[in-house]
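Q: Structure of the sequence below:
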Amino acid sequence: MEKFKEKSFLLKLVGGCAGFLAIFILMSLTPLTGDDWFFLNRHTTELSGLAANISEQWHNLNGRVLGNICAILFSGLDFARELVKAAVVFLTILFLNRLIFPKQPQSLWTGLLIGAAVYMMPKEMYRQTYNWMAGFFNYVPVMLFVLLYLWLIRDFLAGDAVKSTPFSVVSAAVLGVCSQLFAENLTIFVTVMAISMVIWYGVSRKKLNLTMTAYATCSIIGALIMFLSPVYSRISADEDSYRTMNLGVWDLLEMFAQNYETVVWYAFRAYLPILVLAAALCCILLSKNRRLRPVFRYLLMGFACLGPVYGFMTNDVLAKPRNNIFKSAIWLDLAVWVLFGVSILLTLLTSMESVYRRRLGLFFLWGIPLSAGPLLFVQPIGPRCFYLCYLCLLGVLFILFAETVNWESLDRAKGGLLRFASLFLAGAGLLFYFQVSFANHETFVARRDTAEEQVTAGNTVITLPKYPYPEFVHDTDPQKMEYIYRDTYGSLTFLEQ
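A: Model prediction:
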């Protein structure tokens with residue numbers, strides 16, 4: 001038995017190191033694009049210079065203090081930047097795996113499945129998160145901080161009291177503040193989530209918990225730091241040239257109509273295979289459910305299947321309502337996705353034998369509308385804004401999977417099939433992204449070297465090669481490179497061949 005445990009530990013250690021190395025290589029191949037050149041022009045490692053930059057951006061750009069600090073600090077530190085990015089993604093996968101599959105002897109294989117799923121996002125989201133430094137540091141770290149907080153209070157998820165220690169209280173306080181200083185919709189998500197968890201614990205245990213209260217209190221402090229930035233008062237007054245958020249009722253409804261298609265697409269529609277798997281797992285769990293009457297079980301199965309079937313039938317077919325909030329298509333579409341969500345909610349509530357999985361699944365399910373909802377009322381929005389929403393959807397899927405499939409009870413053939421599927425999906429995804437990333441990285445190096453040569457030669461019109469896979473690069477417009485040359489060489493024009 002001891003030899004088996006030692007062998008299993010070594011296998012997990014080797015697998016974990018190989019996984020981190022693969023993620024690090026992918027991150028080291030990501031080019032600087034778009035606003036990255038702006039942050040590179042402001043790069044500094046001096047505390048005074050960093051503080052001055054952050055103060056200026058807090059007053060004139062946004063309240064994303066930590067996101068901007070990371071972008072400015074790491075823009076000129078290539079190795080450190082890619083190491084931090086790889087660590088954030090790897091730890092996100094690790095804690096998702098540890099939370100969803102606690103004490104699971106097959107954690108290496110479930111980790112591979114989760115890792116593959118974390119990378120199998122729409123290419124529009126991939127290029128605005130993992131493949132764009134500014135987008136990464138504003139939207140990706142928050143999920144890791146949330147998972148770390150869930151790890152601190154995992155006893156509550158299991159139905160037990162949370163033991164507060166000086167370490168847990170201080171850690172929760174730091175996580176509460178840090179989670180709030182990246183992106184606005186995520187700040188709202190964390191604030192509401194933190195307060196809801198305190199209330200949930202208080203109602204269920206008849207008392208407050210110091211660790212959870214510290215997290216909620218510090219999350220409110222972080223939210224105040226974010227939203228006290230004078231930029232947001234200008235945005236709400238429609239005085240910002242880039243961002244829009246009017247507070248009038250009809251203005252909000254009009255914004256809802258304009259944003260609805262994008263929000264629903266990146267909250268549900270873009271992930272049809274995930275919806276199909278979630279519906280299938282719901283049906284399996286409901287078929288074994290003896291708490292509900294058959295008629296209710298079949299009704300919930302129908303609602304679960306309705307989402308992916310409706311999504312398949314209407315993707316790129318449903319009329320695109322834009323300016324009229326009362327168009328029936330929006331309300332019909334919304335009703336379908338609400339029913340789909342309700343079917344998953346009731347499956348979690350009635351079909352989960354494990355209290356821990358039930359509560360964790362409810363958290364992930366609640367995270368989808370909570371993180372995506374604020375985006376209905378502000379512009380501009382992009383795929384990067386839905387990164388946390390996507391991971392919450394994955395969390396729901398794997399909670400359903402964990403409740404349905406008991407790895408320990410599988411025979412050798414079925415267990416081997418799942419392990420093969422884990423390896424195949426992770427390997428195929430890795431090979432695909434390596435191919436794309438290597439090709440784009442070579443072009444990025446060529447663009448950077450060519451720009452340097454032509455600028456120092458005195459050219460004012462700089463011609464650069466095109467990326468072979470531009471669909472995986474955020475903002476291929478070469479003109480943004482002017483940021484790093486403008487102060488020395490004046491106005492320059494950058495073009496693609």
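Q: residue ranges with poor pLDDT in the protein?
A: Scanning the chain for pLDDT under 70 picks out 1-8, 104-106, 236-248, 316-328, 407-411.
Q: any chance you could map the strands in it?
A: All strands of the chain, identified by DSSP state E, fall at 461-464, 493-496.
Q: Highest mean neighbour count out of those strands?
A: Highest mean neighbour count among those (mean count of other CB atoms under 10 Å): strand 461-464, with a mean of 16. All C-beta atoms are positioned from the backbone trio N, CA, C, and that covers glycine.
Q: just to revisit the earlier point, can you put the strands of the chain in CSV and add distance to Ala304?
A: Formatted as CSV, those follow (distance: least, CB to CB, whole Å):
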stretch, distance to Ala304
strand 461-464, 50
strand 493-496, 47
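Q: out of the ones you listed, which comes closest to Glu184?
A: Using CB to CB as the measure, strand 493-496 is the one of these that comes nearest Glu184, at 31.1 Å.
Q: Packing partners of that closest one?
A: Judged by 3 or more CB pairs under 8 Å, 6 or more residues apart in numbering; DSSP states H and E, strand 493-496 is in contact with strand 461-464.
Q: And the strand it packs on, how far out from the chain middle?
A: Averaging C-alpha coordinates over strand 461-464 and over its chain gives two centres that are 35 Å apart (CA atoms, centre = their mean, to the nearest Å).
Q: Parallel or antiparallel, list what pairs with it.
A: If you go by DSSP bridges, strand 461-464 pairs up with strand 493-496 (parallel).
Q: Contacts for the strand it pairs with, please.
A: When contacts are defined by CB atoms under 8 Å, 6 or more residues apart in numbering, strand 493-496 is touched by residues 451, 460-466, 476, 478-482.
Q: Show me just the buried residues among those residues.
A: The neighbour count (16 or more other CB atoms under 10 Å) marks Ala451, Ile462, Leu464, Thr476, Pro478, Lys480, Met481, Glu482 as buried among these.
Q: In helices, which of those residues appear?
A: Counting by DSSP state H, these place Ala451 in helices.
Q: Now render the buried ones among the contacts of strand 493-496 as JSON lines, adding distance to Cys385.
A: Putting the buried ones among the contacts of strand 493-496 into JSON lines (distance: CB to CB, whole Å) gives the following:
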{"residue": "Ala451", "distance to Cys385": "31"}
{"residue": "Ile462", "distance to Cys385": "32"}
{"residue": "Leu464", "distance to Cys385": "29"}
{"residue": "Thr476", "distance to Cys385": "20"}
{"residue": "Pro478", "distance to Cys385": "25"}
{"residue": "Lys480", "distance to Cys385": "21"}
{"residue": "Met481", "distance to Cys385": "25"}
{"residue": "Glu482", "distance to Cys385": "27"}
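Q: Relative to Gly67, which of the strands of the chain is closest?
A: Closest among these, using CB to CB: strand 493-496, at 26.2 Å.
Q: Dump the closest one to PDB, keeping only the CA atoms.
A: What follows is strand 493-496, C-alpha atoms only, in PDB (Å, rounded to 0.1, in the frame of the first residue of the first chain):
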ATOM      1  CA  THR A 493       3.100  55.000 -39.200                       C
ATOM      2  CA  PHE A 494       3.000  51.200 -38.800                       C
ATOM      3  CA  LEU A 495       1.500  49.000 -41.600                       C
ATOM      4  CA  GLU A 496       1.200  45.300 -42.200                       C
END
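Q: quick one on the thing from earlier: ok, so of the buried ones among the contacts of strand 493-496, who is nearest Glu403?
A: So of these, ranked by how close each gets to Glu403 (CB to CB), first place is Thr476, at 43.4 Å.
Q: ok, now how distant is the closest one from Ala451?
A: To Ala451, Thr476 is 14 Å away according to CB to CB, to the nearest Å.
Q: Equivalent analysis for Gly111, please.
A: Separation of Gly111 from Ala451 (CB to CB): 40 Å.
Q: again, but for Ala304
A: Here Ala304 is placed at a distance of 53 Å from Ala451 (CB to CB).
Q: Cys218 now?
A: Cys218 sits 44 Å away from Ala451, going by CB to CB.
Q: ditto for Phe386
A: Using CB to CB, we find Phe386 at a distance of 33 Å from Ala451.
Q: ditto for Val264
A: Between Val264 and Ala451 the computed distance is 40 Å (CB to CB).
Q: With Trp337 instead?
A: Distance from Trp337 to Ala451, by CB to CB: 46 Å.
Q: all helices of the stretch 251-400 of the chain, in order?
A: With DSSP state H, counting those that start in this stretch as the criterion, the stretch 251-400 of the chain has helices at 272-287, 294-314, 328-351, 355-372, 387-404.
Q: Go through the last one and flag the buried ones.
A: For helix 387-404, the neighbour count (16+ other CB under 10 Å) marks 387-403 as buried.
Q: Can you verify my assumption that Leu425 contacts Leu112?
A: Yes - using CB atoms under 8 Å, Leu425 makes contact with Leu112 at a distance of 7.3 Å.
Q: The two: which has the busier surroundings?
A: Neighbour count, other CB atoms under 10 Å: between Leu425 and Leu112, Leu112 has more, with 23 against 17.
Q: Does the more buried one touch Phe420 like I think?
A: No - when contacts are counted by CB under 8 Å, Leu112 is not listed as touching Phe420 (10.6 Å).
Q: Quick one: distance of stretch 349-364 to the chain centre.
A: Counting by CA atoms, centre = their mean, stretch 349-364 comes out at 21 Å from the chain centroid.
Q: ok, now stretch 187-196?
A: From the chain centre to the centre of stretch 187-196 is a distance of 16 Å (CA atoms, centre = their mean).
Q: and if you look at stretch 51-65?
A: On CA atoms, centre = their mean, the centre of stretch 51-65 falls 23 Å from that of its chain.
Q: Same question for stretch 71-91.
A: With CA atoms, centre = their mean as the basis, stretch 71-91 stands 17 Å off its chain's centre.
Q: With stretch 479-492 instead?
A: With CA atoms, centre = their mean as the basis, stretch 479-492 stands 33 Å off its chain's centre.
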